[in-house]
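> Need a 3D model of the following:
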Amino acid sequence: MVNSNGVAGPDSTQEPTLLFFDGVCNLCNATVDFLIRADRRGRLRYGSLQGRTAAELLPTLPGGNGLASPDGSDPGTLVLVRGGRVFTRSSAALRALALTGGANRVFALFLVIPRPLRDAVYSWVARHRYRWFGRRETCRLPTQSEKSLFLP
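Next up is the predicted model:
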C-alpha cells in the first residue's frame, strides 16, 4: 500500500525504513546529518515529525497514534518505521544507527539493555535537548543532494 506521498504503507513488502525526527531540534538535526553521512547504502529516509508525511502516515500504523506533531509542539522522540513496525525513543535511535552498517552495527548490542532503562536516559536527554543544543525557528531544509532522502 502506498500513500499519497509515494511512501509505502504497512502492507507493503518493499517499504523503506523511515526515520521521523524533531525538525527544529539542533541535536536531532545533527543526528540526521550523521546518519546521512554514515548510511552509504541509503537505507533510511527522513521526515520531520512536524511534516505532512508524519501527520498522514504515523496515525495509520500500529502504535503510531499521537506521535506526529503537526502543530509544532515538542514530540520528544525519534520514530523509526520499518516493516510496518513503529519504534520510538532509544529503540528508534539504536536501530537507525545499526542500519547504517559498518562499525555502527555495534549499536544494536545496546538493544539487550531493558527498554525502560534505555528510554529513561533517552527521555532525560530529550527533556533537556533544546536547552543544551538549541532550537531552530523552522524545520530543517535538505540540501539539493539530500532531497531524495527526505519526505514532505
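> Residue 92 contacts residue 78, doesn't it?
Yes - using CB atoms under 8 Å, residue 92 is in contact with residue 78, at 4.1 Å. Yep, even glycine has a C-beta here, placed from its N, CA and C like the rest.
> more neighbours, these two?
Between residue 92 and residue 78, residue 78 has the larger neighbour count (other CB atoms under 10 Å), namely 27 against 21.
> quick check: mean pLDDT across the strand or helix carrying residue 127?
Assigned by DSSP states H and E, residue 127 belongs to helix 115-133. Throughout helix 115-133, pLDDT has a mean value of 93.
> Begin at 171 from now on, thanks
With the count now opening at 171, the last piece we talked about shows up as helix 285-303.
> Report the distance from that helix to the chain centre.
On the basis of CA atoms, centre = their mean, to the nearest Å, the separation between the geometric centre of helix 285-303 and that of its chain is 15 Å.
> for it, packing partners?
helix 196-208, helix 259-269 (3 or more CB pairs under 8 Å, 6 or more residues apart in numbering; DSSP states H and E).
> ok, residue 285 - contacts?
Residues near residue 285 by CB atoms under 8 Å, 6 or more residues apart in numbering: 260, 261.
> shared neighbours of residue 262 and residue 248, anything?
Common neighbours of residue 262 and residue 248 (criterion: CB under 8 Å, 6+ apart): residue 189.
> so what does the one helix or strand in the chain whose mean pLDDT sits lowest touch, helix or strand wise?
When each helix and strand of the chain is scored by mean pLDDT, DSSP states H and E, helix 222-227 comes last, with a mean of 87. Using 3+ CB pairs under 8 Å, 6+ apart, the elements in contact with helix 222-227 are strand 187-191, strand 214-218.
> from the chain's centre, how far out does whichever helix or strand comes after that helix sit?
Toward the C-terminus, helix 222-227 is succeeded by strand 249-252 as the next helix or strand (DSSP H and E). Offset of strand 249-252 from its chain centre (CA atoms, centre = their mean): 6 Å.
> Send me strand 249-252 as PDB with only the CA atoms.
Taking C-alpha atoms only, strand 249-252 is exported to PDB below (Å, rounded to 0.1, in the frame of the first residue of the first chain):
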ATOM      1  CA  VAL A 249      10.200   7.500  15.400                       C
ATOM      2  CA  LEU A 250      11.500   4.700  13.100                       C
ATOM      3  CA  VAL A 251       9.100   2.900  10.900                       C
ATOM      4  CA  ARG A 252      10.400  -0.400   9.500                       C
END
